[in-house]
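A.B. asks: Got a predicted structure plus its sequence, pasted below:
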Amino acid sequence: MAQPPEAAPARRGSRPDDMPPLVRAAYWLQYAGPRLAVSLLLGMGDPMLRGLSKLSGRIAFRVDARHRPRAIEHLVAAGYEPRRARQITRHMFEHFASSIIEGMVLRRRVAKENWPKYVRLEGREILDEALKSGRGAIFVGAHQGSWELAGIVMNLLGYPLTSIARPFRNPFVDEFLNSARGATGGKIVKQGGGLRELMRDVRAGRIGVILSDQNAGRDGVFVPFFGRLASTWPTPAVIALKTGCRLLPFYTYREAPFRYVFGCHSDPEPARTGNLDADVKSISAWYTAIFERSIRERPEQWLWAHRRWRSTPDGTRRTWEAPRAGPEAVRK
């Protein structure tokens, strides 16, 4: 019977006090970089930030010889012509550079009084209707647009979110990146025991948030995604079935500089049959198909460089292959 997978416990020495002095010093220096970057970005005007974002994305596209060819290979396998796949990959690097830089700035700008300036909220009535039962809800989403900014805004509006986050090995960086969520009322639970706490929070009426568009390995259920079976985390479906809450696939995308859209899809969930394994698979396939449709609308805003199809139903791992059109499609 399907069960929510639990990740490995956090590594020993993950707290600063448990670390050797040299390791603690090295981690602190790693943490100082993002803090300094945020301070510098906050002092720049929006035109300069837009220019820096585009330049950073273009440089990353040129120098990242690991993720660039992988993203192109995935796009070609998904049916995109090689030249178009390369174009989408370049725009993907530019998008994520923009969303990261803008996200660092907007974490400090967005407040309860001005959030509509930066985020357009759609389908709020779907969420409000789902919460009327008092059973909470599960947001399930993909690495698309700016999911972090969406969470900050939802917390500001008074929706109680509990998110699962993979802890960074560097505890200083981990605390820094999670500080905005906590400051606006969000709650973070760590992988490794956090799923049980998430289920308790959902039963208490909170909204659980899970991103479920990455390879789940041997713990996943295999459902169609861009024409291939992909190992998908069953966790959102399992929690929804066990708690009786609504499962709400959400979307987020960047529509302009410093302007994002967040909303819930209105597609009706598949009927629940009472067979847990069958229901988990049908629900996982349902929201994965929604993700695919959303990604096709704005392919440059999804993380194509992730090894989404690495696992196979027979238990083997796919090895990376160049696009069928040949390595020259990657280099051009």
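C.D. replies: Arrived safely, thanks for sending.

A.B. asks: so where do the strands sit in this protein?
C.D. replies: Along the chain, the stretches classed as strands by DSSP state E are 119-122, 137-141, 161-165, 187-190, 207-211, 221-225, 228-232, 246-256, 259-264.

A.B. asks: quick one: the helices in this structure?
C.D. replies: 21-42, 46-63, 67-77, 82-109, 124-131, 147-156, 171-183, 194-203, 235-243, 276-297, 328-331 (DSSP state H).

A.B. asks: and of those, who's closest to S266?
C.D. replies: Of all the helices of the chain, helix 124-131 sits nearest to S266, with 6.0 Å by Cβ to Cβ. The C-beta positions use only the backbone N, C-alpha and C, and glycine is treated the same way.

A.B. asks: what's the average pLDDT for the closest one?
C.D. replies: In this model, helix 124-131 has a mean pLDDT of 91.

A.B. asks: Tell me, how many residues neighbour D64?
C.D. replies: With neighbours defined by other Cβ atoms under 10 Å, the count for D64 comes to 15.

A.B. asks: can you pull the pLDDT of the closest residue to it other than its chain neighbours?
C.D. replies: Distances taken as Cβ to Cβ, 6 or more residues apart in numbering place F93 nearest to D64, at 7.3 Å, with adjacent residues excluded. F93 carries a pLDDT value of 97.

A.B. asks: cool, and G57?
C.D. replies: 94.

A.B. asks: next one: S53
C.D. replies: Reported pLDDT for S53: 92.

A.B. asks: nearest spatial neighbour of it, skipping sequence neighbours?
C.D. replies: Here the nearest residue to S53 in space, its sequence neighbours aside, is S98; by Cβ to Cβ, 6+ apart that works out to 4.0 Å.

A.B. asks: go on, V110?
C.D. replies: Spatially, and ignoring its direct neighbours in sequence, V110 is nearest to Y118 (5.6 Å; Cβ to Cβ, 6+ apart).

A.B. asks: and the one you found, how many neighbours?
C.D. replies: 19.

A.B. asks: can you tell me which residues contact it?
C.D. replies: L106, R109, V110, L149, V153, F258, R259, Y260 (Cβ atoms under 8 Å, 6 or more residues apart in numbering).

A.B. asks: can you do 7 Å?
C.D. replies: By Cβ atoms under 7 Å, 6 or more residues apart in numbering, Y118 lies in contact with L106, V110, F258, R259, Y260.
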